[in-house]
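**Student:** Provided below for reference: sequence and predicted model.
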Amino acid sequence: MSRHQYLIAALLSMCGLLGCNPKDSSSESGSSASLTMDAPPPATVDVHSHPTEGPHHGTLIELGKEEYHAELVHDDKMVTIYILDSAAKTAVPIDSQELVINLVHDGKPEQFKLAASPDAGDPSGKSSRFALQDAELIEELEHAHAAAKLSVLIGGKSYRGDIKHDHAGHDHAH
């Protein structure tokens, strides 16, 4: 077989995998075939969209392989983290009473614990929101060099995520 014949055979094979649109065939004998452009992509293609911000317009932090997301929101007084689902849209109340932000400041590691602060819809004993009023943490989150990481326990499993500096993720003016 020539290279051209291999290409045609491969295209026809794809047509069989993806499905052909019978309306597009030019004859009943099957002498011509066409790929449908509206066929779903193969299962190995990642087609979900990656959100750019959370429902509170904060910076997103990926936890695990997008098993969960955390959303960081802060103003001049308070740092708040929301735990969200894999699509970064819906709150996920968890059993943890706190989560931790670790960062390096002037070469020394620091740890900040955000206490559970349940939202109105969170079930008793669980929280999807965690908050801390700490001027030092707020200042550190302003600097890209902070190398901040979030650490949280969800369902008995430890998750860590990088906190990326994003001026759009908070409510104060510069």
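**Tutor:** Happy to help now that I have it.
**Student:** Thought residue 84 was touching residue 66, still the case?
**Tutor:** No: with contact taken as CB atoms under 8 Å, residue 66 and residue 84 are classed as non-touching, separated by 10.6 Å. (C-beta placed from N, C-alpha, C; glycine too.)
**Student:** which one of those two has more residues nearby?
**Tutor:** For residue 66 versus residue 84, neighbours defined as other CB atoms under 10 Å are more numerous around residue 84 (24 against 13).
**Student:** Could you look up the SS state of the spatially closest residue to that one that is not a sequence neighbour?
**Tutor:** Sequence neighbours aside, residue 69 is the residue nearest to residue 84 in space, at 4.5 Å (criterion: CB to CB, 6 or more residues apart in numbering). Secondary structure state of residue 69, per DSSP: H, G, I helix; E, B strand; the rest coil, is strand.
**Student:** try residue 136
**Tutor:** helix.
**Student:** Same check on the one 3 residues further on?
**Tutor:** In terms of secondary structure, residue 139 is helix; the call rests on three-state DSSP.
**Student:** Could you give the number of residues near it?
**Tutor:** 12.
**Student:** What's the local residue count around the residue nearest to residue 163 when sequence neighbours are not counted?
**Tutor:** Using CB to CB, 6+ apart and skipping residues adjacent in sequence, the residue nearest residue 163 is residue 148, 3.9 Å away. Neighbour count for residue 148, taken as other CB under 10 Å: 24.
**Student:** next one: residue 105
**Tutor:** Residue 105 has 16 neighbouring residues, counting by other CB under 10 Å.
**Student:** and the nearest residue to residue 91 once chain neighbours are set aside, what does it touch?
**Tutor:** Distances taken as CB to CB, 6+ apart put residue 128 closest to residue 91, at 3.8 Å, once the chain neighbours are dropped. Applying CB atoms under 8 Å, 6 or more residues apart in numbering to residue 128 gives the contacts 82-84, 91-94, 118-119, 122.
**Student:** Much appreciated, bye for now.
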